[in-house]
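S.K.: Below are the sequence and a predicted model for it; my questions follow.
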Protein chains: 2
Amino acid sequence: MKNVIETVGRRERKKLETRFALRRAALRLVAENGLDRVTVADIADAADVSVRTFFNHFPCKEDALVGADLHRLQKLRAALTEQPSDRGPIAALRAVIIELAAKLSDYREDLIAEMRVVQANPALRAREMSEFAQYERELVAEVARRSGTDPARDLYPLLTARVAVSAFRAALTLWCTIENPPELSNLVGEAFDLLAQGLPPPRSA
Amino acid sequence: MKNVIETVGRRERKKLETRFALRRAALRLVAENGLDRVTVADIADAADVSVRTFFNHFPCKEDALVGADLHRLQKLRAALTEQPSDRGPIAALRAVIIELAAKLSDYREDLIAEMRVVQANPALRAREMSEFAQYERELVAEVARRSGTDPARDLYPLLTARVAVSAFRAALTLWCTIENPPELSNLVGEAFDLLAQGLPPPRSA
DNA sequence: CTGCATTTTTGCACTCTCTGCAGTGATCCA
DNA sequence: TGGATCACTGCAGAGAGTGCAAAAATGCAG
């Protein structure tokens, strides 16, 4: 480890290149052929590296497709912690998740592609689920702190963290599904509004 | 397919026996040694059947531990559909989930054992997550019907189904975690009450 | 540029997972 | 009782994933 600033020598750059080449190849091949009709050897070939190199970058085939982004995970937690302390848990969650949504706005196409691949392959769905579960876990402690509750004794923090992630996921799913969607942040806001009202069934016109 | 009534000849009985033997052996071995230090061969040996037989019952090692119970899945959906039609989505969900919770009451010990194993092994967590996701999917359509919304256009059904499952999971987790817990049904009720109030942060005494 | 240290990539051998196939024996039913 | 069915079994084989040591590429100091 040399420094924390972005010093990208040729070595690191090339490593990232091969990593992305593998990821791209994996996504493309699986999108075309389905998860179980693509071998790691296929992916490695397409990225023009050895199979062993693939496993140097990813512990398993699935991780090349839905790698849990640990970096983003920590940033989310940090963002939540840094919310003004006079905000209640829900308000704080709403703020950071809307912030996150805003950052994702530019990547709709990529997200849709990834979502297609994930939806089509149950094994990947499982992985994605557990990724979201990690988000929930990250949030529980801070929700507990802000509400003065104990995750080991009270329903509140666990429930609230999960529900917040559910709101985000529901908004994300809809945003990737419908044509000409509104801003993702707005959808997330809408979801939190529904939650605040106790999920009242919408009255038909 | 012979009939729908419970006709259990010796053949079926034996089949179920080996299945449960495999499941028990798997749970015990993994609880003792961890998921990746237990091979399918170990499990098959412990259950005194061949490895091939293991794979006749379960498509993979993980499924022997957290098998998605398709039967229960369909029953839940049916129960929701059969709720009185004048009940709103939330009320109906609350009713069927409390009903489900009541049935689980007797199996607390087994659930705790399974939960320990699942918590200790990320690969199993992923599988469990996707199992819950199946529950969500089962519920979405009926929530949409009862609320007159469209899952492809509205946030409401997806969000509500997910939040309901979140309520159940949070209650279940707490129930398996704390000592001398209240009735699971009551915890579920509590969770739904919190939801109905828009998850207000509890005011400390 | 040169030599040395570091890191990535690679090939190889090996274990384990999972599938298809063919055969055997127990169970079921007429 | 005899034929059909079904669970179980062994085997051969492809694919996933790991450890190890060697080779290639890169970074760096002199």
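M.R.: In hand now; what should we look at? Remember, it's a predicted structure, so these values are computed and weren't measured experimentally.
S.K.: State the next helix or strand along the chain beyond the helix or strand of chain A with the lowest mean pLDDT.
M.R.: In chain A, the helix or strand scored least confidently by mean pLDDT, DSSP states H and E is helix A:70-81, which has a mean of 84. Later in the chain than helix A:70-81, the nearest helix or strand by DSSP states H and E is helix A:89-104.
S.K.: packing partners for that next one?
M.R.: Judged by 3 or more Cβ pairs under 8 Å, 6 or more residues apart in numbering or on different chains; DSSP states H and E, helix A:89-104 is in contact with helix A:70-81, helix A:122-147, helix A:156-177, helix A:184-196. In short, each C-beta sits where N, CA and C put it, glycine included.
S.K.: same thing but at 6 Å, please
M.R.: Other helices and strands packing on helix A:89-104, by 3 or more Cβ pairs under 6 Å, 6 or more residues apart in numbering or on different chains; DSSP states H and E, are helix A:122-147, helix A:156-177, helix A:184-196.
S.K.: Just the residues contacting the least confident helix or strand of chain A, thanks.
M.R.: A:96, A:138, A:142 (Cβ atoms under 6 Å, 6 or more residues apart in numbering or on different chains).
S.K.: Work out the gap between that helix and the centre of the chain.
M.R.: Mean-position distance between helix A:70-81 and its chain equals 12 Å (Cα atoms, centre = their mean, to the nearest Å).
S.K.: Please identify the buried residues of that helix?
M.R.: For helix A:70-81, a neighbour-count test (16 or more other Cβ atoms under 10 Å in any protein chain shown) marks A:76, A:77, A:79, A:80 as buried.
S.K.: got it, and stretch A:52-63?
M.R.: Neighbour-count burial for stretch A:52-63, counted by 16+ other Cβ under 10 Å, picks out A:54, A:57, A:58, A:61, A:62.
S.K.: Filter those residues down to just the ones in helices.
M.R.: Those of those mapping onto helices are A:54, A:57, A:61, A:62, per DSSP state H.
S.K.: Within reach of chain B, which of these are there?
M.R.: Among those, no residue is within reach of chain B (Cβ under 6 Å from any Cβ of the partner chain).
S.K.: What is the nearest of the residues you listed to chain B?
M.R.: Among those, residue A:62 lies closest to chain B (Cβ to the nearest Cβ), at 9.1 Å.
S.K.: quick one on the thing from earlier: between the least confident helix or strand of chain A and helix A:89-104, how many degrees?
M.R.: Orientation check (axes from the mean of the first three to the mean of the last three Cα atoms, to 10 degrees): helix A:70-81 against helix A:89-104 gives 140 degrees.
S.K.: so helix A:70-81 versus helix A:156-177, what angle?
M.R.: If you take the same axes, to 10 degrees, helix A:70-81 sits at 120 degrees to helix A:156-177.
S.K.: thought residue A:57 was touching residue A:19?
M.R.: Yes. Residue A:57 is in contact with residue A:19 according to Cβ atoms under 6 Å; the separation is 5.0 Å.
S.K.: ok so, going back, now render the contacts of helix A:70-81 as JSON lines, adding neighbour count.
M.R.: What follows is the contacts of helix A:70-81, written out as JSON lines (neighbours: other Cβ atoms under 10 Å in any protein chain shown):
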{"residue": "A:96", "neighbour count": "22"}
{"residue": "A:138", "neighbour count": "17"}
{"residue": "A:142", "neighbour count": "21"}
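S.K.: And these, which is closest to residue A:108?
M.R.: residue A:96 (20.3 Å; Cβ to Cβ).
S.K.: Next one: that closest one, what pLDDT does it get?
M.R.: You'll see residue A:96 listed with a pLDDT of 96.
S.K.: cool, and the one 4 residues further on?
M.R.: Listed pLDDT for residue A:100 reads 93.
S.K.: ok, now residue A:93?
M.R.: Looking at residue A:93, the pLDDT reads 97.
S.K.: Count the residues that sit near the closest residue to it other than its chain neighbours.
M.R.: Leaving aside its sequence neighbours, residue A:93 sits nearest to residue A:164 (Cβ to Cβ, 6 or more residues apart in numbering or on different chains; 4.3 Å). When neighbours are defined as other Cβ atoms under 10 Å in any protein chain shown, residue A:164 has 29 of them.
S.K.: Verify the stated contact: residue A:164 with residue A:94.
M.R.: No. At 7.7 Å, residue A:164 does not count as touching residue A:94 under the criterion of Cβ under 6 Å.
S.K.: so what sits against both of these two?
M.R.: Counting by Cβ under 6 Å, 6+ apart, residue A:164 and residue A:94 have no contacts in common.
S.K.: just checking: which of the buried residues of stretch A:52-63 also lie near DNA strand D?
M.R.: Restricting the buried residues of stretch A:52-63 to those near DNA strand D by Cβ under 7 Å from any atom of the strand leaves A:61, A:62.
S.K.: any chance of the buried residues of stretch A:52-63 in a markdown table, with pLDDT too?
M.R.: Shown next, in a markdown table, are the buried residues of stretch A:52-63 (pLDDT from 0 to 100):
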| residue | pLDDT |
| --- | --- |
| A:54 | 96 |
| A:57 | 93 |
| A:58 | 93 |
| A:61 | 93 |
| A:62 | 91 |
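S.K.: Residues of chain A that sit close to chain B?
M.R.: With Cβ under 6 Å from any Cβ as the criterion, chain A comes near chain B at residues A:88-90, A:125-127, A:129-130, A:133, A:147-148, A:155-156, A:158-160, A:162-163, A:166, A:170, A:174, A:190-191, A:196, A:198-199, A:201-202, A:204.
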